[in-house]
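K.L.:
got a predicted structure plus its sequence, pasted below:
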Amino acid sequence: MSDMKVLFSQANLLRKKPFQLQTIIYKKNKKILVRKNILNNSALEHLNKMKKNSLVIEKNEIKFSKIIDAKSGYIDFEFLPFPSIEYLIEEKIYEQDFESLNHLIKIGIDFINSLKINFINPYQNKNFAKIFDPKESIKPEIEECFNLGILDLNFDNLLLDREKNQIYLIDFEWFFDFPLPKKFIIFRSIFYLSVHMQLLIKNRCSSKFTCFEIIKNFYIPKIFWEKLNCSPYEIKKYYFWEINFQNYVSKIQQKYDENIFVKEFIEKKEKSDNSLYGLSLSQMYQTAQIQSKLEKQQLYIKKLEDQINHLQNQTKNLETQLQTIKSAKFFKLWQTYCVIRKKIIGR
């Protein structure tokens, strides 16, 4: 793999070990590929599930990033040279082209809505409760659910081939074998779209780009909000589920706090925190690259620390062996012989 040129690398070491994967975009023999590899052996099962997931996705006639190669410890996917819908949305907000923005959001939501649904109580499946509501704090009810348990139908995972008007799904890592509520999936897609572009949203907030403040100092554009069609109760419920999912995956545990929501979702028509957003799209891309390099360096440092610990253990073992040798009768006799020999020959 010496001719493998890494173009991008990202690893989240804050996840629990069974979910620790690294994403690498690399070039080899003039071909670009995306690799998912494990960071420890306990993550192998999580990686292998992606191969099974791809078969289910293909069966449901969803276009996706195909698997090129799969070995023990990694999977290589084809690299699709299309922009994500999130990137295109960000571009239109930056340019204040709100008509094109509305069209892009509709494309993403229409894709999500195209999946097959069923009306069931998601809590009927114990694994749903185990991951999203371990204490079963929410009153179970029948909901409109997707038959496919794809959680991450977020806009950064949906690539758009504008020439063919075709959407491709990438990074289907979080895929469950039970149905997921449709509104919850749409909530996540809108919520994380707003999280990723929060500073830009605040800067572009205006009478033409009205926003809602649902959490203190956190805005969701009205044009996004209308796609949610959720009551305040539903928003809090889906946020509660999301907190539990993050706790299922992450080492850092979060506590759900309903008090973070404003009492009434406030409509905003004025810019907020203008000084926070001073980056162009290219500068933001450079910032993302720097963050990626930092994560890569942190991973490298972790490997060095592991190597140091290994060498320290080896040193301790050698010291123990040396002490054993020194305590042996033969070694003591050899020392006595050397002293006598030195006296005889004068050296």
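P.N.:
Great, that's in hand.
K.L.:
what about the strands in the stretch 201-347 of the chain?
P.N.:
Under the criterion DSSP state E, counting those that start in this stretch, the stretch 201-347 of the chain contains strands at 211-215, 218-221, 261-268.
K.L.:
partner strands of the second one and their direction?
P.N.:
According to DSSP bridges, the neighbouring strands of strand 218-221, each with its direction, are strand 211-215 (antiparallel).
K.L.:
any residues touching the partner strand, and which ones?
P.N.:
Under the criterion Cβ atoms under 8 Å, 6 or more residues apart in numbering, residues 201-202, 205, 219-222, 225, 235, 260-262, 265-269 lie in contact with strand 211-215. (Glycine included, C-beta is placed from N, CA and C.)
K.L.:
is it possible to mark the buried ones in those?
P.N.:
By neighbour count, with 16 or more other Cβ atoms under 10 Å, the contacts of strand 211-215 hold 201, 202, 205, 219, 220, 221, 225, 235, 261, 268 as buried.
K.L.:
picking that back up, okay, the strands of the stretch 201-347 of the chain in TSV with distance to residue 39 next?
P.N.:
Shown next, in TSV, are these (distance: least, Cβ to Cβ, whole Å):
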stretch	distance to residue 39
strand 211-215	32
strand 218-221	31
strand 261-268	36
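K.L.:
would you turn the ones you listed into CSV with mean pLDDT?
P.N.:
CSV is the format used below for the strands of the stretch 201-347 of the chain (pLDDT from 0 to 100):
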stretch, mean pLDDT
strand 211-215, 91
strand 218-221, 94
strand 261-268, 85
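K.L.:
residue 156 is nearest to which of these?
P.N.:
Nearest of the strands of the stretch 201-347 of the chain to residue 156, taken as Cβ to Cβ: strand 218-221 at 16.4 Å.
K.L.:
how far away from the center of its chain is that closest one?
P.N.:
Its chain's average C-alpha position is 22 Å from that of strand 218-221, according to Cα atoms, centre = their mean, to the nearest Å.
K.L.:
and the nearest residue to residue 222 once chain neighbours are set aside, how close does it get to residue 310?
P.N.:
Nearest non-adjacent residue to residue 222, counting by Cβ to Cβ, 6 or more residues apart in numbering: residue 210, 4.2 Å away. Look at residue 210 and residue 310: by Cβ to Cβ, to the nearest Å, they are 58 Å apart.
K.L.:
helices and strands of the chain: which one bottoms out on pLDDT?
P.N.:
Using mean pLDDT, DSSP states H and E, the weakest-scoring helix or strand in the chain turns out to be helix 329-345, at a mean of 54.
K.L.:
which residues of the stretch 101-250 of the chain fall in helices?
P.N.:
When assigned using DSSP state H, counting those that start in this stretch, the helices of the stretch 101-250 of the chain occupy the ranges 126-132, 182-196, 198-204, 222-228, 232-249.
K.L.:
and residue 201, what is it in contact with?
P.N.:
Neighbouring residues of residue 201 by Cβ under 8 Å, 6+ apart: 93, 194, 211, 219, 220, 221.
K.L.:
and the first one, which of the three is it?
P.N.:
Secondary structure, DSSP: H, G, I helix; E, B strand; the rest coil: residue 93 is helix.
K.L.:
list the contacts for the residue lying closest to residue 182 once chain neighbours are set aside?
P.N.:
Nearest residue to residue 182, sequence neighbours excluded (Cβ to Cβ, 6+ apart): residue 144, at 4.6 Å. By Cβ under 8 Å, 6+ apart, the residues touching residue 144 are 117, 118, 119, 181, 182, 183.
K.L.:
could you do residue 261 as well?
P.N.:
Contacts for residue 261 (Cβ under 8 Å, 6+ apart) come out as 214, 215, 232, 235, 236.
K.L.:
between residue 210 and residue 310, which one's more packed in?
P.N.:
Shown here are residue 210 and residue 310; by other Cβ atoms under 10 Å, residue 210 has more neighbours (16 against 10).
K.L.:
pLDDT score for that one?
P.N.:
Here the pLDDT value assigned to residue 210 is 94.
K.L.:
right, and it touches residue 219 too?
P.N.:
No: contact status for residue 210 versus residue 219: not in contact, 9.8 Å apart, counting by Cβ atoms under 8 Å.
K.L.:
what touches both of the two?
P.N.:
residue 268.
K.L.:
sorry, back to before: which one of the helices of the stretch 101-250 of the chain lies nearest to residue 47?
P.N.:
Judged by Cβ to Cβ, the one of the helices of the stretch 101-250 of the chain that comes nearest to residue 47 is helix 232-249, at 14.6 Å.
K.L.:
list the buried ones in that closest one?
P.N.:
Going by neighbour count (16+ other Cβ under 10 Å), the buried part of helix 232-249 is 234-245, 247.
K.L.:
closest one to residue 64 out of those residues, please.
P.N.:
Taking the buried residues of helix 232-249 together and measuring to residue 64 by Cβ to Cβ, the closest member is residue 245, at 21.9 Å.
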